[in-house]
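K.L.:
Everything below, folded, please.
(chains A and B)
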Amino acid sequence: MPKIVSGIGLVYDTDNASDLNTLRNKSEVPGMYQVFPRPRQRAYGTQEAVVDYGLKPIEAVPDVVLSMDEIPDRLAEAHEAESLPIYHMYRTWRPKGTRFNQNGLPYCWIWSATGTMMTTRAVERKPIVILAPVSGGYIVDWRSTGWYLSDTVKNLRETGICADPNGSLNSSNLSRSFWSQYQSWYKIFRLGETWDTRVDMMRQHCASGLYYGRAGYIAFNWWSHALMLAGIRIVNGVWYWDISNSHNEEDVITLTGSRAIPDECIFFINTLFVPFPADFPNRLIKPY
Amino acid sequence: MRKILLATLVLLFWSLPSPIPSFSQETVIPDQVDPYTCAKITTTRPAQFAHARVLGHDGKKFISVQVFLLGEQPEGTRAWVWTAPPGNYAVSVMFFDPASGIQEDVGGTTVGIPPDPPPPPDPPDPDPPEPGGPWQMILFYDAQRLDNYPRDQRLLLNSLKIQDQLKQQGHVLLEVLEREAINSGGQSEYSAYFDAVRGDPMPRIALAPKSGGKVVDFLLPANYDALLALLNSPDLVAYYRIVGRTK
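P.N.:
Residues are numbered from 1 along each chain as shown, chains lettered A, B, ... in the order given. Model (predicted):
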């Protein structure tokens, strides 16, 4: 069972089999983790990943990648400045107490992607609009199925995701006809640039992307589950990963241990600037 | 005998004080006629006798305008015509019936086109706002080059602590926008800011006094201390006094 760590909070130790099972069983659909045991679809830095999916290697961005030695100090600075995505997330779409829930659908891949989209918009100080994860069902032709992170990214860049017409964060309305009414809203919320990370340099790359100020769209092989990396705290040399999950929690979950390091992480760098059309309801737009 | 009676009644009309006038929809008195044309008065009000009179004023005295009774009118209709130089004239039609006594319909006719009323004076310009802080501002950046910005400069764009501190000092951070917003056609309420920075190198800070005024813009300072120095600088106030008042 997870334990309270002083100064950190409730922590799941992924090197503890019991904690690992607790995390696996959080899914309301037992055994879902077996559906997609290999979330990585496109190899890092390949032409296909870069050109077709927009997954720019983070190493291709000058001066962004931090050295392992400087990471603790840099992350401390970022916490002090409140520039990490977790602070923007708390300030906007997911203040503490807000439940984020995929409602038993095998849609962790779009719940986490949508949360990462909203967090990216928050860092950009774009107006707060609650996006509906379930509206991404078009990516899998409205089937109830798991999916790949890289393909999700490609669709979010090309088509986008929809605002929830009722401002609801956890709608489970998997209806093609319902969401077709709001077809014109999808293009307002589209993903721009993304940075991909290397699985063998994951801690370094994850810390670098967070320090840059962006949230990571992540997946774990052992969990076959997708989530959002919101922050990292390093205390006495121990790494604590603050992650926004979609199993009805009221806050982020904090992981530590060897399996807390994601197997895949894509940083959402920006969202496209699209002015709201005149007929977009003002009640759905909240200023930052 | 009848002629004597009629003459007596006419004299009586002229000499009697005017009765309290009543408005009758049966009598038509034009409000305005073109100059040097006949003005026509008509009435269908039933009365044994009716008489129209027109009075003008030449600036010194009243002028009685001769009125001519028109013949050959439809049954029950009486009509008079008169003509006079341009000016304002009082018109009255008096009626007499033994049963109802004396009644009068009155009106006014303007001969000629009335002059246009003078235009109202221009309202005085509102006092321009006094330049100086606190300031309202928009920060602009190039999303494609964000990774090239120094770390401390990037913090101006995404540090909640810095943004909260600006707010505590009374400043208003309206937006942090990427350059694509400038020519997007959206957020028209920020058009003055977009106009100020359009074509200027990024990143940029565009600001105006919190009470309103012309927007001025500068390169975004390198860090928070430099930003504060700019916002609190007397030179900024002096600069704004000059450029902020120009059209």
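K.L.:
Tell me where the model's unsure across the stretch 1-150 of chain A.
P.N.:
Along the stretch 1-150 of chain A, the parts satisfying pLDDT under 70 run over A:27-41.
K.L.:
That one: strands as residue ranges?
P.N.:
Using DSSP state E, counting those that start in this stretch, the strands of the stretch 1-150 of chain A run over A:3-5, A:9-13, A:55-57, A:100-101.
K.L.:
Would you mind giving those as TSV with mean neighbour count and distance to chain B added?
P.N.:
(C-beta placed from N, C-alpha, C; glycine too.) Listed next are the strands of the stretch 1-150 of chain A as TSV, based on neighbours: other CB atoms under 10 Å in any protein chain shown; distance: least, CB to the nearest CB, whole Å:
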stretch	mean neighbour count	distance to chain B
strand A:3-5	12	25
strand A:9-13	18	20
strand A:55-57	21	10
strand A:100-101	20	21
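K.L.:
Help me confirm that residue B:202 comes into contact with residue B:143.
P.N.:
No: counting by CB atoms under 8 Å, residue B:143 is not a contact partner of residue B:202; they are 9.5 Å apart.
K.L.:
Which residue is the nearest non-sequential neighbour of residue B:44?
P.N.:
Leaving aside its sequence neighbours, residue B:44 sits nearest to residue B:26 (CB to CB, 6 or more residues apart in numbering or on different chains; 4.5 Å).
K.L.:
Next, count neighbours for the residue lying closest to residue A:237 once chain neighbours are set aside.
P.N.:
Nearest residue to residue A:237 in three dimensions, chain neighbours excluded: residue A:72, at 7.8 Å (CB to CB, 6+ apart). By other CB atoms under 10 Å in any protein chain shown, the residues close to residue A:72 number 18.
K.L.:
Would you mind measuring from residue A:72 to chain B?
P.N.:
In this view, residue A:72 and chain B are 16 Å apart by CB to the nearest CB, to the nearest Å.
K.L.:
if we can go back for a sec, what residues are up against the residue nearest to residue B:44?
P.N.:
Taking CB atoms under 8 Å, 6 or more residues apart in numbering or on different chains, we find residue B:26 in contact with B:43, B:44, B:45, B:105.
K.L.:
Relative to chain A, which of the residues you listed is nearest.
P.N.:
Sorting those by distance to chain A puts residue B:105 at the head of the list, at 56.9 Å, by CB to the nearest CB.
K.L.:
now the closest one, which residues is it bridged with?
P.N.:
Under DSSP bridges, the beta-bridge partners of residue B:105 are residue B:93.
K.L.:
Checking the most centrally placed residue in chain B next. Helix, strand or coil?
P.N.:
Among the residues of chain B, the one closest to the centroid is residue B:120, at 9.0 Å (CA atoms, centre = their mean). Secondary structure state of residue B:120, per DSSP: H, G, I helix; E, B strand; the rest coil, is coil.
K.L.:
ditto for residue B:91
P.N.:
Going by three-state DSSP: residue B:91 is strand.
K.L.:
Give me the spatial nearest neighbour of residue B:110, chain neighbours excluded.
P.N.:
Sequence neighbours aside, residue B:32 is the residue nearest to residue B:110 in space, at 4.7 Å (criterion: CB to CB, 6+ apart).
K.L.:
Please apply the same query to residue A:9.
P.N.:
Of all residues not flanking residue A:9 in the chain, residue A:254 sits nearest, at 5.9 Å (CB to CB, 6+ apart).
K.L.:
Just list the residues touching the one you found, thanks.
P.N.:
Contacts of residue A:254 by CB under 8 Å, 6+ apart are A:5, A:8, A:9, A:10, A:11, A:12, A:240, A:241, A:242, A:243.
K.L.:
Give me the neighbour count for residue B:31.
P.N.:
Residues near residue B:31, counting by other CB under 10 Å, number 9.
K.L.:
Tell me where the stretch 51-200 of chain A has helices.
P.N.:
Ranges of helices in the stretch 51-200 of chain A, per DSSP state H, counting those that start in this stretch, are A:71-81, A:85-91, A:108-123, A:149-158, A:176-180.
K.L.:
Please state the offset of stretch B:212-226 from the chain centre?
P.N.:
Stretch B:212-226 has its C-alpha centroid displaced from the chain centroid by 39 Å (CA atoms, centre = their mean, to the nearest Å).
K.L.:
what's the burial count for the residue nearest to residue B:110?
P.N.:
Per other CB under 10 Å, the neighbour tally for residue B:32 reads 13.
K.L.:
And the pLDDT for it?
P.N.:
Predicted confidence (pLDDT) at residue B:32: the value is 87.
K.L.:
my read: it touches residue B:107, true?
P.N.:
No: look at residue B:32 against residue B:107 with CB under 8 Å: they stay out of range, at 11.1 Å.
K.L.:
Close to chain A: what parts of chain B are there?
P.N.:
B:143-144, B:146-148, B:154-155, B:158-162, B:164, B:175-178, B:180-181, B:184-187 (CB under 8 Å from any CB of the partner chain).
K.L.:
one more time with 6 Å, if that's ok
P.N.:
B:143, B:147, B:155, B:158-161, B:176, B:178, B:180-181, B:184, B:186 (CB under 6 Å from any CB of the partner chain).
K.L.:
okay, the residues you listed in TSV with neighbour count next?
P.N.:
Formatted as TSV, the residues of chain B next to chain A follow (neighbours: other CB atoms under 10 Å in any protein chain shown):
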residue	neighbour count
B:143	19
B:147	17
B:155	21
B:158	26
B:159	22
B:160	18
B:161	15
B:176	21
B:178	23
B:180	16
B:181	21
B:184	14
B:186	16
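K.L.:
Out of those, flag the one nearest to residue B:56.
P.N.:
For those, the residue nearest residue B:56 by CB to CB is residue B:186; the value is 64.5 Å.
K.L.:
near chain B, which residues of the stretch 101-250 of chain A?
P.N.:
Proximity of the stretch 101-250 of chain A to chain B (CB under 6 Å from any CB) is limited to residues A:123, A:125, A:213.
K.L.:
Quick check: the first one touching residue B:158?
P.N.:
Yes: Residue A:123 sits in contact with residue B:158 when judged by CB atoms under 6 Å, with a separation of 5.4 Å.
K.L.:
what does the host helix or strand of residue B:156 contact?
P.N.:
Here residue B:156 sits within helix B:151-158, counting by DSSP states H and E. Residues from elsewhere that reach helix B:151-158 (CB atoms under 6 Å, 6 or more residues apart in numbering or on different chains): A:81, A:83, A:123, A:213, B:141, B:176, B:222, B:223.
K.L.:
how about the following helix or strand past that helix: buried residues?
P.N.:
Next along the chain after helix B:151-158, taking DSSP H and E as the criterion, comes helix B:160-168. Judged by neighbour count (16 or more other CB atoms under 10 Å in any protein chain shown), helix B:160-168 contains these buried residues: B:160, B:162, B:163, B:166.
K.L.:
Could you figure out how far helix B:160-168 is turned away from helix B:151-158?
P.N.:
Interaxial angle, helix B:160-168 versus helix B:151-158 (axes from the mean of the first three to the mean of the last three CA atoms, to 10 degrees): 60 degrees.
K.L.:
And the helix or strand that helix B:160-168 is followed by, how far out from the chain middle?
P.N.:
Scanning forward in sequence from helix B:160-168 by DSSP H and E, the next helix or strand is strand B:172-178. Centroid displacement of strand B:172-178 relative to its chain, using CA atoms, centre = their mean, is 36 Å.
K.L.:
average pLDDT for strand B:172-178?
P.N.:
Strand B:172-178 carries an average pLDDT of 90.
K.L.:
quick one: buried residues of that strand?
P.N.:
The neighbour-count check on strand B:172-178 (16+ other CB under 10 Å) flags B:173, B:174, B:175, B:176, B:177, B:178 as buried.
K.L.:
Off-centre distance for stretch A:184-200?
P.N.:
So, by CA atoms, centre = their mean, the centroid of stretch A:184-200 is 11 Å from its chain's centroid.
K.L.:
Can you show me the helices along chain B?
P.N.:
With DSSP state H as the criterion, chain B has helices at B:2-15, B:151-158, B:160-168, B:191-197, B:224-231, B:234-243.
K.L.:
Need the ones you listed in CSV (columns: mean pLDDT).
P.N.:
Converted to CSV, the helices of chain B look like this (pLDDT from 0 to 100):
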stretch, mean pLDDT
helix B:2-15, 57
helix B:151-158, 93
helix B:160-168, 95
helix B:191-197, 92
helix B:224-231, 93
helix B:234-243, 75
